[in-house]
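1. Have a look at this prediction, sequence included:
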Amino acid sequence: MSIHSLIEKGVDVFSYIPDVDSFQGNYKKLKYAWNGENNKFPTLSKDHVVADHLNYAIRPSFKFVDLDFDCELAVNWGNQAFNGCHKFGRNGKGHALVEITNPQSFSRKQIKFGEKVLVEMRGEGNYSVLQGKLSDPIGEASFSIADSPEYDFNTVVEQFYTIGLVCQLVEGYSGSVNDYLIPIVGEMIFQKLDSDTIHYLVENFLTAISRSERLGETRKSVDAMIKKNNPSKLERLNWSTQDMFEVRGSIIQLVKGVPEEEIVKPKLTTMDWVSLGTIIKREYEPIEEIVEGMLTSGLFFLASKPKLGKSFLTMQLCHSIATGTAFLGRPVIQGTVLFVALEDNERRINSRSKLMGLDECDNFLLSFTSPKLMEGLEEALVKKIHAVRADPNMLDVKLIILDTFIRAKSSKKVGGNDAYEEGSFLIDKFQRDMLAENVCAMANTHDKKGDERKGEDTINRMIGTSAYQGQDGNWRLDRARGTGIEDPETTMTIVARDLPEQEYQIKLNNGTWTMVGVAEKGEKHDKLTRNILTCVEAICEAMSDDSREVVGDCKTVELIAEMRRSNFIEWDEANNKQKFDRGDWNVKAKVKSMRKRGLLIQGERYGSFKIPKVVDEIPYDDDDCPF
């Protein structure tokens, strides 16, 4: 059969001169309009005389669909799946022209992985070279005509996505087969793909990568995953966001046949650039401190040895924020709290609350079960945050507690080449979600097993990869050996990105922590520290605005000027310039040290500081204790 046979069947065939109508070296690309009102290439009639110097191309339609297989696996599978169809392309293969019994309009469909197009389905608005020159060095297209059967449109679409999905899985494959398939099969289960289709896809994938010996073993594993119905998702793979979107889209098409335009596409990250000069000139709003000088939005970890009182501390923190009362003497921003208590139950929380003498409050919400991180926990928390914000009777969410992190962390392997990369991958989305929602999430965790090393940074004792230490902040509790849980020598260390490093001595009594003071080892402040505190207090009081309840702050240059006026440091530069400069240096160094220790905290203005406000705590009333 010939080109005339295609024309007689109703296929839209046209011709062009490859060296004239197309670009040199790429004879598939036409210079002129081939469709629409300005079409230079009309449809050939059955009287056309075929010439060797011409290229012949087809314009597929919704009646005659062109399937373009662009990878070796797709070519081989497509030849089998559409056996008997008209075949054409380089060396007579790569394309199948399929006649549809029930034509339906559609836009061109592509299945990709990375930058590589694996399979295409073309209808109206496209063209493909049927016969002739393709490229330099000489590549030629040819075709074969068959007594092609007609296909149902939905059957073709299903076969298209089946071939494409297996090609995507082969293209993205790396590592061990087991670790690779767990999140892929999990995604199929999560999207509710039927078990027969899952087995068919997995078996064809294993065959394609020459691992057919695993068919029986893998089938049992897939059945177990389907029965357990606790699926992982594609996020566990070390794929790009775009690749996950493409593969997930193929799975969804096989499940529901959702139109491509209705599948939500990921927001691709763009790079926006700004100069350092612009950043320095710009005035930024002060960072919101949920607990003044101690806690900001983002992802924090609270670590210590077991049974040191972390749960009491987080319960107290939650109740303080929920009720708007001071935490360890520091003011808080009142808001709703979400407490994910994975090691407790209602009875235990009831007992602990009564021991601590906590008041009833409706914006302190607890859940005792949750999905795992990267298995739906992040989405569930964001959904709850939005639901609380939509309720006019609720305050905005300010704090989320995960007690404990190890219970919220999935035991399944996630993407990454080492422990640090794997840890970062696990918490990356969670941290970004919390920052985007302007909420603090604090995860309770434990110390590593083993003996402490002398001089070791206590933050490094936290269990898990150092990726967890590099988040927005870390709190930890330490107690001297041989002391009891309620010994005053419990040290609370705070290390955070947007706060000065600080240490405090705190004490636990009847389930309630109280502030003893800055961890000064019992020593009094030195003379320079006392003088700085005196001057800072004087400057802040002078700048305060009682009518708006604005507390003043102080900058280093203002502090130095005040200390000179008060004769605390050398004031006459001409008299003793060395001593004058030494005074500047001493004050700046001391201020840095005091901010690190928590004696000074961030002020309202950029680069300013102030003395932390200590709120008088409500006296403990023995009559309120039920025990």
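-> Yes, it's here. Computed from a predicted structure; not experimentally measured.
2. which one is the residue most central in space within the chain nearest to, not counting chain neighbours?
-> Nearest residue to the geometric centre of the chain (Cα atoms, centre = their mean): Lys429, 2.1 Å. With sequence-adjacent residues excluded and distances taken as Cβ to Cβ, 6 or more residues apart in numbering, Lys429 is closest to Glu378, at 5.5 Å. (C-beta placed from N, C-alpha, C; glycine too.)
3. so what does the host helix or strand of the one you found touch, helix or strand wise?
-> Assessed by DSSP states H and E, Glu378 sits inside helix 377-390. Counting by 3 or more Cβ pairs under 8 Å, 6 or more residues apart in numbering; DSSP states H and E, the packing neighbours recorded for helix 377-390 are strand 336-341, strand 397-403, helix 419-437.
4. So which bits of it are buried?
-> Within helix 377-390, the residues that count as buried by 16 or more other Cβ atoms under 10 Å are 377-378, 381-382, 384-385, 388.
5. Show residues contacting that helix.
-> Applying Cβ atoms under 8 Å, 6 or more residues apart in numbering, the contact partners of helix 377-390 are 336, 338, 365, 370-371, 394-397, 400, 408, 429-430, 433, 437, 439, 441.
6. List the residues that contact Pro60.
-> Pro60 sits in contact with 12, 66, 97, 122-124, 126-128, where contact means Cβ under 8 Å, 6+ apart.
7. Any chance of those residues in a markdown table with distance to Gln104 as columns?
-> Output for the contacts of Pro60, formatted as a markdown table (distance: Cβ to Cβ, whole Å):
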| residue | distance to Gln104 |
| --- | --- |
| Asp12 | 18 |
| Asp66 | 15 |
| Leu97 | 17 |
| Arg122 | 14 |
| Gly123 | 9 |
| Glu124 | 11 |
| Asn126 | 16 |
| Tyr127 | 20 |
| Ser128 | 20 |
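8. give me the low-pLDDT residue ranges for the stretch 251-400 of the chain?
-> 256-269 (pLDDT under 70).
9. try it again with 50
-> 262-264 (pLDDT under 50).
10. can you map out the helices along it?
-> 276-281, 310-323, 346-356, 377-390 (DSSP state H, counting those that start in this stretch).
11. To Lys507, which of the ones you listed lies closest?
-> Of all the helices of the stretch 251-400 of the chain, it is helix 310-323 that lies closest to Lys507, at 11.6 Å by Cβ to Cβ.
12. quick one, that closest one and strand 336-341 angle?
-> Calculated by axes from the mean of the first three to the mean of the last three Cα atoms, to 10 degrees, helix 310-323 forms an angle of 160 degrees with strand 336-341.
13. Contacts for helix 310-323 next, please.
-> For helix 310-323, using Cβ under 8 Å, 6+ apart, the contacting residues are 290-291, 295, 302, 304, 325-327, 332-337, 339, 343-344, 352-353, 356, 358-359, 361, 363-364, 398-399, 401, 403, 442, 444, 477, 508, 511-513.
14. Identify the residues contacting stretch 221-234?
-> Contacts for stretch 221-234 (Cβ under 8 Å, 6+ apart): 178, 181-187, 189-190, 195, 198-199, 202, 244, 247-248, 374-375, 410, 412.
15. residues of it that come out buried?
-> Buried, per 16+ other Cβ under 10 Å, within stretch 221-234: 221-222, 225-226, 231-234.
16. what's the answer for stretch 204-224, then?
-> Those would be 204-206, 208, 214, 218, 221-222, for stretch 204-224 by 16+ other Cβ under 10 Å.
17. And the strands in the stretch 1-150 of the chain?
-> Counting by DSSP state E, counting those that start in this stretch, the stretch 1-150 of the chain has these strands, from start to end: 12-16, 22-23, 26-30, 55-59, 64-69, 86-90, 95-100, 109-113, 116-122, 128-135, 139-144, 150-151.
18. Same question for the stretch 501-627 of the chain.
-> Going by DSSP E, counting those that start in this stretch, the stretch 501-627 of the chain shows strands at 512-518, 601-602, 609-610.
19. pLDDT score assigned to the nearest residue to Lys116 once chain neighbours are set aside?
-> Using Cβ to Cβ, 6+ apart and skipping residues adjacent in sequence, the residue nearest Lys116 is Glu171, 6.7 Å away. We have a pLDDT of 91 for Glu171.
20. can I assume Glu171 sits in a helix?
-> Yes - counting by DSSP: H, G, I helix; E, B strand; the rest coil, Glu171 is found in a helix.
21. burial count for it?
-> 17 (other Cβ atoms under 10 Å).
22. Please list all residues in contact with it.
-> Per Cβ under 8 Å, 6+ apart, neighbours of Glu171: 71, 113-114, 116, 118.
23. about what we covered before: wait, which of the helices of the stretch 251-400 of the chain is closest to Lys133?
-> helix 377-390 (52.9 Å).
24. mind exporting the closest one as PDB, just the C-alpha atoms?
-> Output in PDB follows, covering the C-alpha atoms of helix 377-390 (Å, rounded to 0.1, in the frame of the first residue of the first chain):
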ATOM      1  CA  LEU A 377       1.300  15.200  58.700                       C
ATOM      2  CA  GLU A 378       2.400  18.500  57.200                       C
ATOM      3  CA  GLU A 379      -0.800  18.800  55.100                       C
ATOM      4  CA  ALA A 380      -3.000  17.800  58.100                       C
ATOM      5  CA  LEU A 381      -1.400  20.500  60.300                       C
ATOM      6  CA  VAL A 382      -1.600  23.200  57.700                       C
ATOM      7  CA  LYS A 383      -5.300  22.300  57.100                       C
ATOM      8  CA  LYS A 384      -6.000  22.600  60.800                       C
ATOM      9  CA  ILE A 385      -4.200  26.000  61.000                       C
ATOM     10  CA  HIS A 386      -6.400  27.300  58.200                       C
ATOM     11  CA  ALA A 387      -9.500  25.900  59.800                       C
ATOM     12  CA  VAL A 388      -8.700  27.600  63.100                       C
ATOM     13  CA  ARG A 389      -8.100  30.900  61.300                       C
ATOM     14  CA  ALA A 390     -11.500  30.600  59.600                       C
END
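25. And it, how far out from the chain middle?
-> 16 Å (Cα atoms, centre = their mean, to the nearest Å).
26. what angle do it and strand 336-341 make?
-> Using the same axes, to 10 degrees: helix 377-390 against strand 336-341 is 150 degrees.
27. quick one: helix 377-390 to strand 397-403, angle?
-> 150 degrees.
28. Quick check: Arg248 vs Val119, distance?
-> 17 Å (Cβ to Cβ, to the nearest Å).
29. Who has more neighbours out of those two?
-> Set Arg248 next to Val119 and count neighbours by other Cβ under 10 Å: Val119 wins out with 27 against 18.
30. Next, the contact list for that one, please.
-> Counting by Cβ under 8 Å, 6+ apart, Val119 has contacts 67-71, 74, 78, 110-111, 160, 163-164, 167.
31. run the last query once more with 7 Å
-> 68-70, 74, 111, 160, 163-164, 167 (Cβ atoms under 7 Å, 6 or more residues apart in numbering).
32. In CSV: those, plus pLDDT, distance to Thr101 and neighbour count.
-> As requested, these are exported to CSV (pLDDT from 0 to 100; distance: Cβ to Cβ, whole Å; neighbours: other Cβ atoms under 10 Å):
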residue, pLDDT, distance to Thr101, neighbour count
Asp68, 91, 21, 22
Phe69, 91, 22, 26
Asp70, 88, 26, 18
Ala74, 88, 24, 24
Ile111, 93, 23, 25
Phe160, 92, 16, 25
Ile163, 93, 20, 27
Gly164, 93, 22, 30
Cys167, 94, 26, 27
